[in-house]
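> Next input, structure requested:
(chains A and B)
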Number of protein chains: 2
Amino acid sequence: MEELKRYKDKIDALLFSFLTEEKERAKPTGKYNVQVHSLISDFCLRGGKRIRPILLIEAYKLVGGKDIDEVMKASLSIELLENFLLIHDDIIDRDEIRRGGPSFHKMAEQLTGDNHFGLSTAIIGGDMLSALAIQPILKTNLKNKERAISEFINAELSCFYGELLDMILEKEKDTKEEDFFRMIDLKTASYTTIAPLVIGAILGEANDEQIETLRTYGKLLGQAFQITDDILGVFGDAKRLGKPVDSDIKEGKKTLLIIYALNNTKNEDKNFLKSCLGNSDLTPEDLIKVREILKSSGALTYSKNKAKEIVESAKATLKNNFTNASFLIEIADFIIERSV
Amino acid sequence: MEELKRYKDKIDALLFSFLTEEKERAKPTGKYNVQVHSLISDFCLRGGKRIRPILLIEAYKLVGGKDIDEVMKASLSIELLENFLLIHDDIIDRDEIRRGGPSFHKMAEQLTGDNHFGLSTAIIGGDMLSALAIQPILKTNLKNKERAISEFINAELSCFYGELLDMILEKEKDTKEEDFFRMIDLKTASYTTIAPLVIGAILGEANDEQIETLRTYGKLLGQAFQITDDILGVFGDAKRLGKPVDSDIKEGKKTLLIIYALNNTKNEDKNFLKSCLGNSDLTPEDLIKVREILKSSGALTYSKNKAKEIVESAKATLKNNFTNASFLIEIADFIIERSV
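The predicted structure is shown next:
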C-alpha cells in the first residue's frame, strides 16, 4: 500500500522531532542521559511500519474528524507505547535482535560491556518511553482526551496481562486454542489495533456505536495480525522480519501453529516438537524439521485459513457499519497478505 | 508525629480498595495475573510511611484546597509511582530485601523458582503500577488535572534521569559533591517531595508564586531526605529500615558520606573504602571499619550538619511565604530526626 509509506514518512518526521526535543531537555541532566536518549531515538526510528498510529489517524478520519495535523501528533502516543513495550519485551524474551539491529538492552550493553548495566538501562529506557507516551494525547487540543487516556491506560494494562499469560503458556504443557486467543486479545489486539482505532474514534468525537464497531473490528484485526506474525515468525524471511526465524521456537511460544500441530500430529512428531519448544540449542536442521511438521500436520494451512476467515469477518463488521471505510478494509487485507 | 500515623491508615485503606478493585478486573484474564496482583498488593501494603501522598494532601490544604476526601484519592498516584519505582530499582540495584520482606522480583521468583521468570514478572509488575499510577489523578474531579499530570510525567522523567546518573556515578572513580546533588535532585527530590507538593498545590488551585515556593521547599526537603536516608542506610537499624545496612556500600553508591570521606581521609583509609565500594563480598568486619572511617573522616558529622542546614533553609522558605505551614514545617524536622 503506497499510502502506508507516505503516512510512515510523516509519522517518522514527527517522531524524530518529538524525540529530539526530549533529548534537548535531557542535556542538563548529564552526558549518559543524552547517550541513552540517542539509543532511544535510534531504536524507535530504525524501523517499524507505524501501523498503530496509522490506524488511529484513519479511525479519526472515518468518524468525521477533520484536524489531521493535530491527530497525527496525538498518534505518536501509541507508537511510543509500542517501542516501550518492545524494549521490555525483548528483555523478557531474551531477544537480541530487533528490526535488523541489536535489541535495546544489547545496544545499552555495548556502551559499557556490562550485561547488568545494559539490562538496567533498558528497564529505565522503556520506563522513559512509557512516561513520554502519554504526552502527545495529553497535549492535543482535540476533544475527549481524558477518555482517550483512560482507554490508553486500559490497553497498557491488558497488554501486561497478556504478557504474563504468554509467559505462563510457555511453561504449560497443554495449551488450548482458546487460551491462545485470550492471550493475543490481551497482549496484541489490545494496543496494536483496538486502542489505536478506539482512541482515534474517541478523539474524532465518534458516537458509542461507532466506537464499539471499531473495537470489534480492532479485536478481529489484531487476532489476524498476530496469527500472521506467528506464521512469519517461523516461515518468513529473517532479513525482512529484522529478527531470527527460530526465536519463537527457542522461547517455546505457544502460537496457533504450535497448538494446532501438537493436537493434530502423530506422537513421534509431537514429541519432537515438544523437545524443540523452549530449547535454546535448536539447530538449523531442527528448525527445518519443525517447519515440515507444521506443514504436514496441517497447522500452516489451518493458521492461514483462520487468519483469512477472521479478516473477512473484520471487514464485514466495518462494511455493515460504515460506508466509507475503504482504507481500513484495505489495511485488513494488507495485514494478512504481507509475505505469507 | 501522631498525625502521620492517622494519615497513613487512611491512605492505606484507600490504596487497599484501589488495588483490590484492580485485582477484580484482572480475574477474567487468568489465574497468574491475579497472583501477580496479590504480590503487588502485598508489596505496596507491606510498609512505607506514605510521606509522598501526605505531602500532596498538605500542600493542597496549605493553598486553600477544601475537598480533602477527593485529594486523598488523587494522592494515591504518587504512592503507586513510588512502588513502581521501587520494584524496578530493586532489580537494577540487585536488592533482595525491601520493607522487611523479599523485594518484588524475589517474591515473583519464589512463585516458580525461576530467576528469569521473577525478573520478567517484576518488570511487568512495575509497568502495571506505572500505568495505574496516572489513574487517580486522571479520575479526580479537582481542577487543573491536565497540568497535574504533566507535572507527574516530568517527575517520572527526572527520576529516570537520576537513576541513570546514579548508575554512572557508581562506575566513576571521582565523584564531586555537585554531581551527588544533581543526582539526588533528579532521582529523589523530583518525585519524593517536589512533585507531591507541586501537584497538591496545582490541584488546590494555587497561584504560580505559591507553586514555586513549594517547588523550592520540595527540592531542599528532598535533599535533606536523601542525605538522611543515606546515613540511615549505613548507620541505621536494619530491622527498622527493612533492608540490610551494607547494601549501599556493596552497590558502590556515591552518597554524600562516601564522597566526603573519599576527599577527606588519609590514603590508607581511602584505599580501603574504595576496595569496599561495589564489593559484593563485603564482610561485617569490613562494614564496621567503613563506619569508623566515615566517622573519623568527619563525613558523618558533615552529612548530618548538611542535612540540618538544608532543612533550616527549607523551613525558612516556607515561613517567609506562608503563615499557616506548621504541618509542613514539622515534617521537615521529622525527616531529619528519624533515628539519626
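
> Please count neighbours and contacts with C-alpha atoms only from this point.
Fine.

> Isn't A:Ile336 up against A:Lys308?
Yes: between A:Ile336 and A:Lys308 there is a contact under CA atoms under 8 Å: 7.1 Å.

> how about the residues of chain A that lie near chain B?
Residues of chain A found near chain B (CA under 8 Å from any CA of the partner chain) are A:26, A:29-30, A:32-33, A:88, A:91-92, A:116-117, A:119-121, A:123-124, A:127-128, A:131-132, A:135, A:138, A:146, A:150, A:153, A:156-157, A:160-165, A:167-168, A:182.

> Against which helices or strands is the strand or helix carrying A:Ile134 packed?
Assigning secondary structure by DSSP states H and E places A:Ile134 in helix A:115-139. Applying 3 or more CA pairs under 8 Å, 6 or more residues apart in numbering or on different chains; DSSP states H and E, one finds that helix A:115-139 contacts helix A:31-45, helix A:68-74, helix A:76-92, helix A:104-112, helix A:145-171, helix B:76-92, helix B:145-171.

> ok so, going back, got any residues that touch both of A:Ile336 and A:Lys308?
Counting by CA atoms under 8 Å, 6 or more residues apart in numbering or on different chains, the shared contacts of A:Ile336 and A:Lys308 are A:Ala224.

> Could you find the closest non-adjacent residue to A:Ser313?
Distance criterion CA to CA, 6 or more residues apart in numbering or on different chains; nearest residue to A:Ser313, sequence neighbours excluded, is A:Leu220 at 7.4 Å.

> A helix includes that neighbour, no?
Yes: counting by DSSP: H, G, I helix; E, B strand; the rest coil, one finds A:Leu220 located in a helix.

> Quick check: A:His105 touching A:Thr121?
Yes: counting by CA under 8 Å, A:His105 does reach A:Thr121; the two are 7.0 Å apart.

> Could you check which of those two is surrounded by more residues?
Comparing A:His105 with A:Thr121 by other CA atoms under 10 Å in any protein chain shown, the one with more neighbours is A:His105, at 28 against 25.

> distance of that one from chain B?
Distance, A:His105 to chain B, by CA to the nearest CA, to the nearest Å: 13 Å.

> Please pull up the helix or strand immediately following the worst-scoring helix or strand of chain A on mean pLDDT.
Comparing every helix and strand of chain A by mean pLDDT, DSSP states H and E singles out helix A:238-241 as the least confident one, with a mean of 84. Downstream of helix A:238-241, the next assigned helix or strand under DSSP H and E is helix A:247-251.

> tell me the mean pLDDT for that following helix?
Mean per-residue pLDDT for helix A:247-251: 93.

> what's it packed up against?
Applying 3+ CA pairs under 8 Å, 6+ apart, we find helix A:247-251 packed against helix A:208-235.

> burial of the residue lying closest to A:Asp90 once chain neighbours are set aside, as a residue count?
Among residues not flanking A:Asp90 along the chain, A:Ser103 sits closest, at 6.7 Å (CA to CA, 6+ apart). Using other CA under 10 Å, A:Ser103 is surrounded by 24 other residues.

> From A:Cys44, how far off is A:Ser103?
The gap separating A:Ser103 from A:Cys44 is 11 Å, by CA to CA, to the nearest Å.

> ok, A:Asp229 - how many residues close by?
Per other CA under 10 Å, the neighbour tally for A:Asp229 reads 19.

> From chain B, how far out is it?
Separation of A:Asp229 from chain B (CA to the nearest CA): 22 Å.

> residues contacting A:Glu96?
A:90, A:102-103, A:105-106.

> make it 7 Å
By CA atoms under 7 Å, 6 or more residues apart in numbering or on different chains, the contact set of A:Glu96 is A:102-103, A:106.

> pLDDT at it, what is it?
Here the pLDDT value assigned to A:Glu96 is 94.

> got it, and the one 4 residues further on?
What the model reports as pLDDT for A:Gly100 is 90.

> The nearest residue to it once chain neighbours are set aside: how many residues sit nearby?
Using CA to CA, 6+ apart and skipping the chain neighbours, the partner closest in space to A:Gly100 is A:Gly242 (3.8 Å). A count of nearby residues for A:Gly242, using other CA under 10 Å, gives 16.

> quick one, phi/psi of A:Gly242?
Backbone geometry at A:Gly242, expressed as degrees, to the nearest 10, gives phi 80, psi 10.

> ok, now which ones touch it?
For A:Gly242, the contact set (CA under 7 Å, 6+ apart) comprises A:98-100.

> try 8 Å this time
Counting by CA under 8 Å, 6+ apart, A:Gly242 has contacts A:97-101.

> gap between A:Arg99 and chain B?
Distance, A:Arg99 to chain B, using CA to the nearest CA: 22 Å.

> That residue contacts A:Leu241, doesn't it?
Yes: here A:Arg99 reaches A:Leu241: they are 6.9 Å apart, a contact under CA under 8 Å.

> neighbour-wise, which of the two wins?
Higher neighbour count among A:Arg99 and A:Leu241: A:Arg99, with 18 against 15, using other CA under 10 Å.

> Now the more buried one. Nearest residue, chain neighbours left out?
Ranked by CA to CA, 6+ apart and with sequence neighbours excluded, the top spatial neighbour of A:Arg99 is A:Gly242, at 4.2 Å.

> So what's the residue count around A:Leu282?
A count of nearby residues for A:Leu282, using other CA under 10 Å, gives 16.

> Using the three-state scheme, assign it.
Here A:Leu282 is coil, with the state taken from three-state DSSP.

> Could you pull up the residues touching it?
Each residue near A:Leu282 by CA under 8 Å, 6+ apart is listed here: A:246, A:250, A:276.

> for the last one, what are its contacts?
Spelled out, that is A:Cys276. The contact partners of A:Cys276, taken as CA under 8 Å, 6+ apart, are A:249-250, A:252, A:282, A:286.

> farthest-separated two in these?
Farthest pair in the contacts of A:Cys276 (CA to CA) is A:Gly252 and A:Asp286. Separation: 13.8 Å.

> These two - which one has more neighbours?
More crowded of A:Gly252 and A:Asp286, by other CA under 10 Å: A:Gly252, with 23 against 16.

> wouldn't A:Phe43 be in contact with A:Phe104 here?
Yes: counting by CA under 8 Å, A:Phe43 does reach A:Phe104; the two are 6.9 Å apart.

> Between the two, tell me which one has more neighbours.
Taking other CA under 10 Å, A:Phe43 and A:Phe104 do not tie; A:Phe104 has more neighbours (33 against 21).

> Check the burial of A:Leu142 by counting its neighbours.
A:Leu142: 17 neighbours (other CA under 10 Å).

> Assign it to helix, strand or coil.
What three-state DSSP gives for A:Leu142 is coil.

> Now do the contacts for the closest residue to it other than its chain neighbours.
Using CA to CA, 6+ apart and skipping residues adjacent in sequence, the residue nearest A:Leu142 is A:Leu203, 6.0 Å away. For A:Leu203, the contacting residues are A:60, A:65, A:71, A:142-145, A:148, by CA under 8 Å, 6+ apart.

> Just the buried subset of those residues, please.
The neighbour-count test (16 or more other CA atoms under 10 Å in any protein chain shown) marks A:60, A:65, A:71, A:142, A:145, A:148 as buried among the contacts of A:Leu203.

> Next, the buried residues of stretch A:275-288.
So, applying 16+ other CA under 10 Å, buried residues of stretch A:275-288: A:276-278, A:282, A:286-287.

> In helices only, show me those.
Counting by DSSP state H, the buried residues of stretch A:275-288 place A:276, A:286-287 in helices.

> Can I get those in JSON lines including pLDDT and distance to A:Ser75?
Output for these, formatted as JSON lines (pLDDT from 0 to 100; distance: CA to CA, whole Å):
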{"residue": "A:Cys276", "pLDDT": "96", "distance to A:Ser75": "40"}
{"residue": "A:Asp286", "pLDDT": "96", "distance to A:Ser75": "42"}
{"residue": "A:Leu287", "pLDDT": "96", "distance to A:Ser75": "39"}
